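K.L.:
just a sequence and a predicted model for now, questions to come.
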Amino acid sequence: MADADLKLLYRELVSLEIELWDGVEGRLRAEYDLPLTSFEVLHLLRQQPARRIQDIAEKFSITVGGTSKVVDRLEAAGLCQRRANPNDRRSSIVELTPEGRKLVDGALKVFEEELELRIGSVISEQSVREVTAVLSTLRAAGRALDADRKATATSSSAMRAPKQPGRPTS
């Protein structure tokens, strides 16, 4: 495949992601004073109640620390709460509060309207399914490549002899 084609595709994907994020977030902020990152976490908790911070982080491919900060802000705003995890004392369960549920229900309507305006009104349902399948394939291939690289790096570092203090390496 031509290198220029891949670079153009990359640029289009990145630009679309930025513009789509900014457009949806602009509308959520204007109507609900809600950042898109916060909406995404609230929406996940609406769909899948009682999640751990680790579960949320994995879902969005972000760090546990970053996820914890988002949840801290949502909790301070009264939109979610943490409770002890009965299955693991080292973690807590995050749940929506009634106020959080009400906010995410309203914001979800705005989110869906904006997606319809920016995507659904532009391409057919069939195209949406096809693009979604292609993007899912690309993401899966990227995750597999990353896992292979990580495994290779781990096994090659394990094969190296440990450094001896005070001895030069050859």
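P.N.:
That came in fine, so what should we check first?
K.L.:
what is the least confident helix or strand in the chain?
P.N.:
helix 125-159 (a mean of 91; mean pLDDT, DSSP states H and E).
K.L.:
buried residues in it?
P.N.:
Residues of helix 125-159 include none that count as buried (16 or more other Cβ atoms under 10 Å). Placement of C-beta: from N, CA and C, glycine included.
K.L.:
contacting residues for the spatially most central residue of the chain?
P.N.:
For the chain, residue 60 is the residue whose C-alpha lies nearest the centre (Cα atoms, centre = their mean; 2.0 Å). Neighbouring residues of residue 60 by Cβ atoms under 8 Å, 6 or more residues apart in numbering: 40, 41, 44, 67.
K.L.:
tell me where the model's unsure across this structure.
P.N.:
1, 158-170 (pLDDT under 70).
K.L.:
that one: strands as residue ranges?
P.N.:
51-52, 80-84, 92-96 (DSSP state E).
K.L.:
which one of these lies nearest to residue 154?
P.N.:
With Cβ to Cβ as the criterion, residue 154 lies closest to strand 51-52 of the strands of the chain, at 25.4 Å.
K.L.:
can you pull the buried residues of stretch 80-87?
P.N.:
Buried-residue list, stretch 80-87, by 16+ other Cβ under 10 Å: 80, 82.
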